[in-house]
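Visitor: structure, please.
(chains A and B)
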Amino acid sequence: MHFENIADGVRLCAQSTDKFKTCRINVSMAMPLDTNASARAILPFILQRRCAKYPDFTTLNRVLDELYGASVSAGVIRRGEAQILSFNLTAIDDRFALDGDTVALECVQLLCDMIFDPLTDGDSFPADIVEQEKRLLIEAIENEMNDKRRYALMRCEEIMFDEEAYGINRLGTVADVKDLTPDDIYYAWKEELREAQIQITMVGSMDVEPVANMLKERFSSIKRQPTEITTKFISAIPKPDYVCEEMPIKQGKLVMGFRTGMRNEDDNPVPMRIAVDIFGGGTYSKLFSVVREKMSLCYYCSAAFFSSKGVVMVQSGIEDVNEEKAKSEIVNQLSLVADGQFTDDDFSSSIKSLTDSIISNNDTPESICAWYATQLLRDTLKTPEAYVEEIKNVDKQQVISAAKTIKLDTVFMLKSNGEVADDED
Amino acid sequence: MKINEIKNELLGEMYYDIDHPSGLKILIMPKVGYASTYAIFATKYGSIDTMIEMKDGTFSQIPEGTAHFLEHKLFESEDLDAFERFAKTGASANAYTSFDRTGYLFSCSANFKKNLEILLDFVQNPYFTQATVEKEQGIIGQEIDMYKDIPDWEVMFNCLRNMYHNLPVRIDIAGTQESIAQITADMLYGCYNNFYNLNNMVLAVAGNTTVDEVLEVADAVLKPVEGKMAQRKIIDEPREVRADYCEKKLSVATPQFMLGFKEEWDTPERTAKEEITMEILLDMISGPSTDLYRRLFDANLINNSFGFEYFTGFGYSCVLFAGESNDPKAVAEEIKKEIKHFRENGFDEKVFERTKKKLYGRMIMGMNDVDSLANNMAVSYFAGEDVFTDFETYKTVTVEDIKAMLDKTLDENYSTLSVILPN
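Guide: Okay, the predicted model is just below:
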């Protein structure tokens, strides 16, 4: 892996390999997640669909088609209390181009054009484009309710983190998007280029140097003032919150939010990851083997650990009548982990499974890029191999100690309101 | 044992095609520089197989969702179940049931031989009891309910139910609460014996392995059984759609739609060339670079979720356009108008070449990951092709083929619109 500082707070991270048939580039730009989320969230979509050189998405898409179907996608991610704008580009490796075309570098050029040289009408974004993108972002926020599993998780997070930045939707709110003006967004774009913590991660066979030079040139005219991004870690409230909402749905969704007691991202995250995995990770976990397999309560019941905020979220899809049974069993299973009531086999299954899947990250360009891009706020980057070594050095006692500090904070239940029509057919 | 090498010069890829003495087809693509290996053991038995061929050649009906139910149950055994066995090796194991196949799979970056042994062993050793069948009815019942709340899923099955009178592709892969309640342990054994003989199956492996490694395990674990490739029955289906419109209310923010065009062919399966021709045709009509896409976008009729699919399998083929829109009927009209426009005016050669170039790139991009490589090997084997067929076939497609394809498909008289409205 090649690391290089392109500018103040801008890091290039490149893995040169001809193992893949593609070239993959990720650009991630992080700012604090705050009430200005909407103005930033709309940016990657405005930038991705047009630029000064190719001023509308039809023209731009035709250019991408000519570049052998190269694809560019944009998105907004929350990591800890950072809002990350992310661009991903995939193009074929030059060795597959017909007629000796150089696809990869042209694609990087195009990606730079999108981010640094957008279509503007002087000192703002064109009003008609802003209106169209506002419509799309509003639909995207509203449609987050369509996926009930995700929606229930989001609602639980909104409630649990109502006084923390973590509870802000990474896309902002519909009301905020409606109020956005072209100038607000233009200002947010300038601010991103000046203040965001930025990492460019690339995987492929292309030379790093021309890419690094291209990026350095683009950043040379920007007076960088990278901002500090910190995430608050807090302990669980003494009496867990409970909120229940109703919707016309068939299956209930239970979400339980836990705080781990970690004081920051580096506060013993590896034993915690293993503890959460034994609790609700793989098929050997307590939640899968007991709540699903033994009790037949659900199709899925699992726990996810977010080290960037020190929280654990448990999700399950259940019949509404089984809510109490599921909740108390989930809490019970966690206490068993904390009491050390898991076997040496469970412990070694978890170590092996985590190790195996982390090493597999090396085998797709997407997962390599994602592995490093998520470390954008860290001073030094960890390889999958180094992380595996840390996992292997954890002992059972450390896992038990970690599990003991996990405390329930908020329970959210999405229930049926009894208004689901059955299919006629 | 016959071992063939299947190569593609341009991609610099090759894999081994092996007729194992047990009757199993084994496909192996060793990949240099990869840490992980992905293996899939699949049978040509999916949700559309609602009939079992009896010894006397007649067919007998089985409940909807049986293939999927069997997939769940095969993980169980008298002592350690398959998940517990894989937990000892660290592999990540799973299974899926689609319309026309069931696949059992794992990926791992260590203990490959042990994992392969577990995979081949548990799929060959069914263990069903009435008690475990009843336990699974609870889990799968929740899976069925979960899908009922997923609008993309509902809009698709409503569309298929609208389109087809008889074809089993119209039924939900997991079946219904009522149909799975009829499943018994004996029934599962019957289906198992019919569809899970090695002659009806394939093992595809890609990644960090060798032919010797795979064969060493296969030779030791595979048990030859009597059997043949299961025959699928051709089911009569009227040309007409069952209904040209349906709507259902779910809790969604923006309405969702799926517009389907039913096709009629003389043969039950589409060839690689037909599929690729259709893919290019659809991209030329409504892909992100087209005038139609632009018009729909600018009229606020679609968002990023708009897309299309050529949906084909044994006995069925149709074109599906889907997305989110505040006016699904207007989108459907615009698509139909554009189809008419191309029928009357033909296609631009330059656009055709550009679309082909894009397709070529996208095919290359699909050849990176060991999981898609292994799955593609298995799927193309069941289709009677190899994994590189598309790379050779796409070159032979001409703009005349595109026109000819449009002449016999996308007929609005056989179309149907399925809509999910907010409640």
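
Visitor: look up the closest residue to A:Lys352, ignoring the ones flanking it.
Guide: Taking Cβ to Cβ, 6 or more residues apart in numbering or on different chains, and ignoring the residues beside it in sequence, A:Lys352 has B:Gly90 as its nearest neighbour in space, at 2.9 Å. For glycine as for every other residue, the C-beta is placed from the backbone atoms N, C-alpha and C.

Visitor: go on, B:Glu213?
Guide: B:Lys113 is the one closest to B:Glu213 (Cβ to Cβ, 6+ apart), at 6.0 Å.

Visitor: check which element follows the helix or strand hosting that neighbour along the chain.
Guide: Here B:Lys113, judged by DSSP states H and E, is contained in helix B:112-124. On the C-terminal side of helix B:112-124, the nearest following helix or strand under DSSP H and E is helix B:130-148.

Visitor: okay but the residue nearest to A:Lys352 is in contact with A:Ser353, surely?
Guide: Yes - contact criterion Cβ atoms under 8 Å: B:Gly90 and A:Ser353 qualify, at 4.9 Å.

Visitor: which ones are touching the residue nearest to B:Glu213?
Guide: By Cβ atoms under 8 Å, 6 or more residues apart in numbering or on different chains, B:Lys113 lies in contact with B:Glu213, B:Glu216, B:Val217.

Visitor: before we move on, what about B:Leu27?
Guide: B:Leu27 makes contact with B:Tyr15, B:Tyr16, B:Asp17, B:Ile18, B:Val202, B:Leu203, B:Ala204, B:Val205, B:Ala374, B:Met377, B:Ala378, B:Tyr381 under the criterion Cβ under 8 Å, 6+ apart.

Visitor: per-residue pLDDT, the fourth one?
Guide: Think B:Ile18. According to the prediction, B:Ile18 has pLDDT 98.

Visitor: residue of the stretch 201-350 of chain B with the smallest distance to chain A?
Guide: Distance from chain A to each residue of the stretch 201-350 of chain B (Cβ to the nearest Cβ) is smallest for B:Ala253, at 3.6 Å.

Visitor: what pLDDT does the residue nearest the centre of chain B get?
Guide: Taking Cα atoms, centre = their mean as the criterion, B:Ser98 is the residue nearest the geometric centre of chain B, at 5.3 Å. In this model, B:Ser98 is scored at 97, pLDDT.

Visitor: make sure it is actually in contact with B:Tyr45.
Guide: No - shown here, B:Ser98 and B:Tyr45 do not form a contact pair, counting by Cβ under 8 Å, at 10.2 Å.

Visitor: find residues that contact each of those two.
Guide: What both B:Ser98 and B:Tyr45 touch, as defined by Cβ under 8 Å, 6+ apart, is an empty set.

Visitor: and A:Glu323, how far from B:Ile150?
Guide: According to Cβ to Cβ, to the nearest Å, A:Glu323 stands 21 Å off from B:Ile150.

Visitor: where does the prediction get shaky in the stretch 301-423 of chain B?
Guide: Under the criterion of pLDDT under 70, none of the stretch 301-423 of chain B is flagged as low confidence.

Visitor: in it, mark out all the helices, start to finish.
Guide: Using DSSP state H, counting those that start in this stretch, the helices assigned to the stretch 301-423 of chain B run over residues B:328-345, B:349-365, B:370-382, B:389-396, B:399-408.

Visitor: deepest of those, which one?
Guide: Compared across the helices of the stretch 301-423 of chain B, helix B:370-382 shows the largest average neighbour count, a mean of 22 (mean count of other Cβ atoms under 10 Å in any protein chain shown).
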